[in-house]
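Enquirer: got a structure for you, letters missing:
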């Protein structure tokens, strides 16, 4: 794929150009101590790459061109220092194009750049290496397959950040890749904070080419909004883009992850993993498949204290539209003022090993013309029904623990192996701890009682707990299945 980047001229004599996109292996670096004047990137995919200088302070450099794409520079280009793979950000020079240029190779100190910098004998002035200051700056330069690394720190956003390529945006603490989702390295303490107090500003809008087969990936980031009029946190801007949200904390937006067909557009596939979403004023996650058999996957996530004010009203919303599916595994969806999960017409829902509790409306609401499964989950303390299968959908509700649902545990559902709770099963649900307690009729009833105990074939057995949070070591033997209705 080729991409055209706008070059902002700082002199009347400068020129702009278009060129092939930078290398797919390019990694960009963003720090609170960086500068938008820096080169900010390093492409490890070039032949004989030099030393990566993208994470330093940047070095002022002057290049005298020997051709449109070749030149000698001061300080000198060598095979290592200021070598291939580094980027030069040209700011000025008579006849020179401004913007970022990648050093593809060097021979005897003569550098070859990825596209025309100017004409022979032109003297171009800029900076080689060094980190950028903002996500938007490098997002303008990046291309498909690139990774943008953001170092821990606070980044205040006052205007919409537009992501125009299919790429990864990842937080890091000391070195690229050191924050790993699912571990203590990827937490709100370490993750870079992207925050805004400006009304109607979305930190990230995806506008890359529709139908991209490579997902946009967001990893180990902390997004907050304190504006009086918030906007979406992550919003899709083109039909049919895949989106992966991994290890994020998102709080205070209208919609934390917006993949619907309203102001913006639909997603082809959506994955939300190991992510906490809270205080959304509309939805935590909304997804509308663009057609065909597309799916949303939410796993190992904590989605709580969100509102739902339109349409189906839910923290997690799978909208009506072409056939699609929602798969949830080991999620905790609690204390949302509307329903916990809502899926409309022609959608399939698969929820297992999860907690859906304290919803202001339905715990789980499913529509018509779909096949749905809810299993090994705790559906507790929802204002209306625990599971409301509204319409003609097929619902296989198996081995769920239910109780204290205001309008009844089930509506239009014939459950199998349902477990009735007579007490709150959680250690401290008010404090956000949804591990199982030892209360009789509560958490004690669910330890080692989970499904499946005996796998098909009869050769494998296990003792999982019911719900999302497993107890240490499980149980030595399952509870009597006589307690299951």
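Expert: Great, that's in hand. It should be emphasised that the depicted structure is a prediction, and the values quoted were computed from it without experimental measurement. Numbers count the residues shown, from 1 in each chain.

Enquirer: going forward, measure contacts between C-alpha atoms and count neighbours the same way
Expert: OK.

Enquirer: Pick out the residue nearest the middle of the protein.
Expert: residue 245 (1.8 Å; Cα atoms, centre = their mean).

Enquirer: show me the contacts for that one.
Expert: 217, 218, 219, 270, 271, 272, 273, 275 (Cα atoms under 8 Å, 6 or more residues apart in numbering).

Enquirer: can you redo those residues as CSV with secondary structure and pLDDT?
Expert: Formatted as CSV, these follow (DSSP: H, G, I helix; E, B strand; the rest coil; pLDDT from 0 to 100):
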residue, secondary structure, pLDDT
217, strand, 90
218, strand, 92
219, strand, 96
270, strand, 85
271, strand, 91
272, strand, 94
273, strand, 96
275, coil, 96
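
Enquirer: Any chance of those in JSON lines with neighbour count and distance to residue 368 as columns?
Expert: Listed next are the contacts of residue 245 as JSON lines, based on neighbours: other Cα atoms under 10 Å; distance: Cα to Cα, whole Å:
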{"residue": "217", "neighbour count": "17", "distance to residue 368": "32"}
{"residue": "218", "neighbour count": "22", "distance to residue 368": "33"}
{"residue": "219", "neighbour count": "26", "distance to residue 368": "35"}
{"residue": "270", "neighbour count": "27", "distance to residue 368": "22"}
{"residue": "271", "neighbour count": "19", "distance to residue 368": "24"}
{"residue": "272", "neighbour count": "22", "distance to residue 368": "25"}
{"residue": "273", "neighbour count": "24", "distance to residue 368": "27"}
{"residue": "275", "neighbour count": "25", "distance to residue 368": "29"}
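
Enquirer: can you list those in CSV and add distance to residue 100?
Expert: Below are the contacts of residue 245 laid out as CSV (distance: Cα to Cα, whole Å):
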residue, distance to residue 100
217, 24
218, 24
219, 26
270, 32
271, 33
272, 33
273, 34
275, 34
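
Enquirer: Among these, which one lies nearest to residue 51?
Expert: Within these, the smallest distance to residue 51 is 25.8 Å, found for residue 219 (Cα to Cα).

Enquirer: mind listing what residue 297 touches?
Expert: Contacts of residue 297 (Cα under 8 Å, 6+ apart): 270, 271, 272, 273, 326, 327, 328.

Enquirer: Go again with 6 Å.
Expert: Residue 297 is in contact with 271, 326, 327, 328, counting by Cα atoms under 6 Å, 6 or more residues apart in numbering.

Enquirer: ok, now residue 415?
Expert: residue 397.

Enquirer: What's the per-residue pLDDT of it here?
Expert: If you check residue 415, the pLDDT there is 96.

Enquirer: State the distance from it to residue 402.
Expert: 11 Å (Cα to Cα, to the nearest Å).

Enquirer: for residue 298, same thing?
Expert: Separation of residue 298 from residue 402 (Cα to Cα): 22 Å.

Enquirer: can you check residue 471 too?
Expert: Plainly put, residue 471 is 19 Å away from residue 402 if you go by Cα to Cα.

Enquirer: Could you list the domains of this structure?
Expert: The record's domain split for the chain, according to automatic domain parsing, is 26-128, 135-483.

Enquirer: what's the distance between the longest one and the middle of its chain?
Expert: Looking back up the chat, that one is domain 135-483. In this view, domain 135-483 has its centroid 11 Å away from the chain centroid, taken as Cα atoms, centre = their mean, to the nearest Å.

Enquirer: Just the ones of the contacts of residue 297 in strands?
Expert: Judged by DSSP state E, the subset of the contacts of residue 297 located in strands is 271, 326, 327, 328.

Enquirer: mind checking pLDDT for residue 242?
Expert: 77.

Enquirer: Let me fix that, I meant to ask about residue 131.
Expert: 98.

Enquirer: count of neighbours near it?
Expert: 30 (other Cα atoms under 10 Å).

Enquirer: Residue 428 too?
Expert: 13.

Enquirer: Quickly find the element holding the nearest residue to it once chain neighbours are set aside.
Expert: Spatially, and ignoring its direct neighbours in sequence, residue 428 is nearest to residue 434 (6.5 Å; Cα to Cα, 6 or more residues apart in numbering). Assigned by DSSP states H and E, residue 434 belongs to strand 433-436.

Enquirer: who does that strand pair up with?
Expert: Sheet partners assigned to strand 433-436 using DSSP bridges are listed as strand 426-428 (antiparallel).

Enquirer: which residues in the protein form helices?
Expert: 135-141 (DSSP state H).

Enquirer: Longest strand of it, counting residues only.
Expert: Max-length strand for the chain by DSSP E is strand 99-107.

Enquirer: can you list the ones in strands among the contacts of residue 297 in a markdown table and add distance to residue 142?
Expert: Output for the ones in strands among the contacts of residue 297, formatted as a markdown table (distance: Cα to Cα, whole Å):
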| residue | distance to residue 142 |
| --- | --- |
| 271 | 23 |
| 326 | 32 |
| 327 | 32 |
| 328 | 33 |
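
Enquirer: Out of all residues in the protein, which is the farthest from the middle?
Expert: residue 121 (46.7 Å).

Enquirer: pLDDT below threshold where in the stretch 251-400 of the chain?
Expert: Scanning the stretch 251-400 of the chain for pLDDT under 70 picks out the ranges 260-266, 289-294, 309-313, 319-323, 345-346, 369, 392.

Enquirer: before we move on, the earlier item: residue 471 and residue 402: which is more packed in?
Expert: Just comparing residue 471 and residue 402: by other Cα under 10 Å the higher neighbour count belongs to residue 402, 25 against 16.

Enquirer: which residue sits closest to the more buried one, ignoring its sequence neighbours?
Expert: residue 379 (4.9 Å).

Enquirer: so that neighbour touches residue 354, yeah?
Expert: No - at 8.4 Å, residue 379 does not count as touching residue 354 under the criterion of Cα atoms under 6 Å.

Enquirer: Could you pull out the residues contacting both of the two?
Expert: By Cα under 6 Å, 6+ apart, no residue touches both residue 379 and residue 354.

Enquirer: right, and residue 295 touches residue 269 too?
Expert: Yes - counting by Cα under 6 Å, residue 295 does reach residue 269; the two are 5.3 Å apart.

Enquirer: bridging residues for the residue nearest to residue 52 when sequence neighbours are not counted?
Expert: What sits nearest to residue 52 in space, not counting adjacent residues and going by Cα to Cα, 6+ apart, is residue 42, at 6.0 Å. Beta-bridge partners recorded for residue 42 (DSSP bridges): residue 27, residue 86.

Enquirer: Quick check: the closest residue to residue 229 other than its chain neighbours vs residue 297, distance?
Expert: What sits nearest to residue 229 in space, not counting adjacent residues and going by Cα to Cα, 6+ apart, is residue 199, at 4.8 Å. Here the criterion is Cα to Cα. By it, residue 199 lies 30 Å from residue 297.

Enquirer: again with residue 276
Expert: 15 Å.

Enquirer: what's the answer for residue 419, then?
Expert: Taking Cα to Cα, one finds residue 419 at 26 Å from residue 297.

Enquirer: same thing with residue 217?
Expert: 14 Å.

Enquirer: Please apply the same query to residue 119.
Expert: Taking Cα to Cα, one finds residue 119 at 52 Å from residue 297.

Enquirer: before we move on, what about residue 438?
Expert: Distance from residue 438 to residue 297, by Cα to Cα: 31 Å.

Enquirer: That's all I had, so thanks and see you.
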